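1. sequence and predicted structure below; questions after.
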Amino acid sequence: MATIADIRQQYPQYEDVPDVELADALHQKFYSDIPKTDFYKSINLTGASLIPGSITSLPQREVSLRDKLMGIIETPAIVAGGLAAAIPTFVARVGGELYGGRGTPQGKAMGESAAKTVSAQFYQPRTTTGPELVSQAADFLGSIPPTPLSSAGTALSTLTGPAVNQLRPIVTQAVAPAKNLLVSALQREPAAVMPGMGAAETSAAALRQERALRQNIPLTKGEQVPELGLQQFESDIVKQNPQLGKPLIEFKAGQKKAIVDQFERLAGETGAEFADPANARQIGTIVDKAMVNQYDKEFKAYKAKYELADNAGETLQEVPYQSVIDYINKQTPTTRKSLAPILEDTLEQLAINDPNKTGKISLRAFDDIYQNINKKVEFGTPNSTYGKELKVLINQNTEGAGGDLYRAARTARQQLANDFENNYRVAKLLGTKGNYADRAVALDDVFKHVVLDGSLEEMRTVTKLLKKAGPEGQQAYKELQGQTIEHLKDQLTKNASGELSFAKLKTSIEQLDREGKLQYMYGKAGRDKLLDLKATVQDALVKDPRAVNWSNTGNVVLRGLDALSAIRFPGAQTAAEIAQNISLKKKVAESVNFNALAPSKASANRLAP
């Protein structure tokens, strides 16, 4: 286990924290299972450090003669090592600060960590006497410059070669992010969060990742943790350096396929066999055929009941029709002759069936007039509006007339009217009650007519008929369900640039959901699936506008290391390139492999060097 001295050397930011306070924090955070006294001994915390208010370091031991002699011997090596380490240590410190954010506490900590890692590769003093002698002689010799750009350029130039040679293999480790494990140890209210993220951010990132994984859609780190810096980096790197950004480019291509595949899977779950925007006509044909067959089935059932009543003589009963005459006479001549000619036509039909002007006609005659109105009006026109009123009056005049057979036939006819004649979506879909040679709705437009254009109630009347139309109608309804999801996919993918368009998908889903159609067609669970898919697509595609386009204030690492490469001293260019490639590759890998749900990795001894 590291000693208290090792800990202080590794984490100089806690130099103002007394030994006991620092040790107590570490013990509470990581080693609470060890008795505190034993823990103090294991980190070499003894003596005055344990006395409250006392100094926090142990007394210096007396320097032996051997140490004094060894110090004199190693002094030249210390001087040479300091000079050789100056350049790479400076480069590593700058690179680390740029990686973590220049001017930020994190950047400074990373710079110091990188500098220490590099400096450790060169000669380190073995005694306390050596550094003291060097320090005492520094003013006179002037051989240790404060920075590699100082006036001691001549001394530095003699050691540049060895410095650069040692820098190449170790700079990778030097720019690795500094991991401040003591920050969490000293928190008064520790929370289990990811490094660099607050509890709320962690929870939100985990939610996005969990939702995406349920749909087999991968998200980058910047999409799980939508921070501007991350999104800038992921946007910038693929444009500025496609080679380094290749994993991200491949990741996004795979993500696009995964999104499209998820829509395909959901469409398949409906049981649809032909659903596809390219198959609009085929879908229309399937739906139309099922509707026409259901109409024919109900019409035949009504006619069979009517024939029984007719054969039994129940349709010969006469009933008055004066209310129909009164309604027609209330309309203007222009309406009767131009806007709604069905009014004059009905008046003529009544006169033909009552030549003696008795004021009564048979139930059979009234039924013929009713069928004539159906045949001569087009739904949605003024003629249809007045025709509907005429049929209501006919029903009122025939209410309760005839025997049981006629009343059964009349009920079947009323149901037929409610299902196929009195609903705009159904009536227009079928044209004139099965006479669909000259269609009012093209087969290519059947899906749009039923699902997209009508209200929920109008759509319900169509789909209700399909659901009770047997296996053929039920399959037609499944095709409409599948085609709806394919329509959403089409809104997402039909973009001239080939990119996915979240805006169109969002508009389509929200419109269907606002009208209640999503829940009606797929139930609550299915609706939630589609809304989750919308949210995940938004996570994957929608970025902070400042992260999309390249700008001079974009990614810190890329531009920071480019600036570092411009420093004019031997080895700096090579160092910057190495640091840049290593840090960018690492960051790209982190973007494509990040998982907000993965448990944090921690060693058993988090303080081990």
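-> Yep, that arrived.
2. going forward, measure contacts between C-alpha atoms and count neighbours the same way
-> Will do.
3. ok, now how distant is R425 from T461?
-> 8 Å (CA to CA, to the nearest Å).
4. these two - which one has more neighbours?
-> R425 (23 against 18; other CA atoms under 10 Å).
5. Three-state assignment for that one, please.
-> helix (DSSP: H, G, I helix; E, B strand; the rest coil).
6. show me the contacts for the closest residue in space to it that isn't next to it in sequence.
-> Ranked by CA to CA, 6 or more residues apart in numbering and with sequence neighbours excluded, the top spatial neighbour of R425 is E458, at 6.1 Å. If you count contacts by CA atoms under 8 Å, 6 or more residues apart in numbering, E458 has them with 423-425, 450.
7. flag the shaky bits of this structure, pLDDT-wise.
-> Applying pLDDT under 70 to the chain flags residues 1, 13, 46-202, 379, 432-438, 548-580, 600-609.
8. okay, strands next: where are they in it?
-> Remark: strands assigned in the chain by DSSP state E are 318-320, 360-362.
9. sorry, back to before: format the contacts of E458 as TSV; extra columns: distance to Y406.
-> Output for those, formatted as TSV (distance: CA to CA, whole Å):
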residue	distance to Y406
N423	25
Y424	28
R425	30
V450	34
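10. tell me the one of these nearest D19?
-> Distance to D19 across the contacts of E458 (CA to CA) is lowest for V450, with 76.5 Å.
11. pretty sure the closest one contacts R425?
-> Yes. Applying CA atoms under 8 Å as the test, V450 and R425 come out as touching, 6.8 Å apart.
12. what do these two both touch?
-> 458-459, 462.
13. nearest to V588, out of those: which one, please.
-> Closest to V588, out of all of the shared contacts of V450 and R425 and judged by CA to CA, is M459, at 48.6 Å.
14. what's the burial count for that closest one?
-> 20.
15. what do you get for K256?
-> Using other CA under 10 Å, K256 has 19 neighbouring residues.
16. if I look at it, how far off is L308?
-> Distance of K256 to L308, given as CA to CA: 63 Å.
17. how far away is the residue nearest to R425 from Q232?
-> 47 Å.
18. would you mark the buried spots in stretch 453-465?
-> By 16 or more other CA atoms under 10 Å, the buried positions in stretch 453-465 come out as 456, 458-463, 465.
19. can you list those residues in a markdown table and add distance to T484?
-> Converted to a markdown table, the buried residues of stretch 453-465 look like this (distance: CA to CA, whole Å):
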| residue | distance to T484 |
| --- | --- |
| L456 | 14 |
| E458 | 16 |
| M459 | 13 |
| R460 | 15 |
| T461 | 17 |
| V462 | 15 |
| T463 | 13 |
| L465 | 18 |
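20. now do the helices in the stretch 451-600 of the chain.
-> Assigned by DSSP state H, counting those that start in this stretch, the stretch 451-600 of the chain shows helices spanning 456-467, 470-493, 502-514, 517-541, 556-565, 572-593.
21. what about the ones you listed, which gets the closest to A351?
-> Between A351 and the helices of the stretch 451-600 of the chain, the shortest gap by CA to CA is with helix 456-467, which sits at 37.1 Å.
22. now do the closest one against helix 517-541, angle only.
-> 110 degrees (axes from the mean of the first three to the mean of the last three CA atoms, to 10 degrees).
23. tell me the angle helix 456-467 makes with helix 502-514.
-> Interaxial angle of helix 456-467 relative to helix 502-514 (the same axes, to 10 degrees): 80 degrees.
24. tilt between helix 456-467 and helix 470-493?
-> Going by the same axes, to 10 degrees, helix 456-467 makes 140 degrees with helix 470-493.
25. numbering from 35 from now on, please.
-> Right, with 35 as the first residue, what we last looked at is helix 490-501.
26. alpha carbons of helix 490-501, as CSV, please.
-> Once non-C-alpha atoms are left out, helix 490-501 reads as follows in CSV (Å, rounded to 0.1, in the frame of the first residue of the first chain):
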residue,chain,number,x,y,z
LEU,A,490,-59.7,9.2,-35.5
GLU,A,491,-63.5,8.5,-35.6
GLU,A,492,-63.5,8.3,-39.4
MET,A,493,-60.5,5.9,-39.4
ARG,A,494,-62.2,3.9,-36.7
THR,A,495,-65.3,3.3,-38.9
VAL,A,496,-63.2,1.9,-41.7
THR,A,497,-61.0,-0.3,-39.5
LYS,A,498,-64.0,-1.5,-37.5
LEU,A,499,-65.4,-2.9,-40.8
LEU,A,500,-62.1,-4.5,-41.7
LYS,A,501,-61.8,-6.2,-38.3
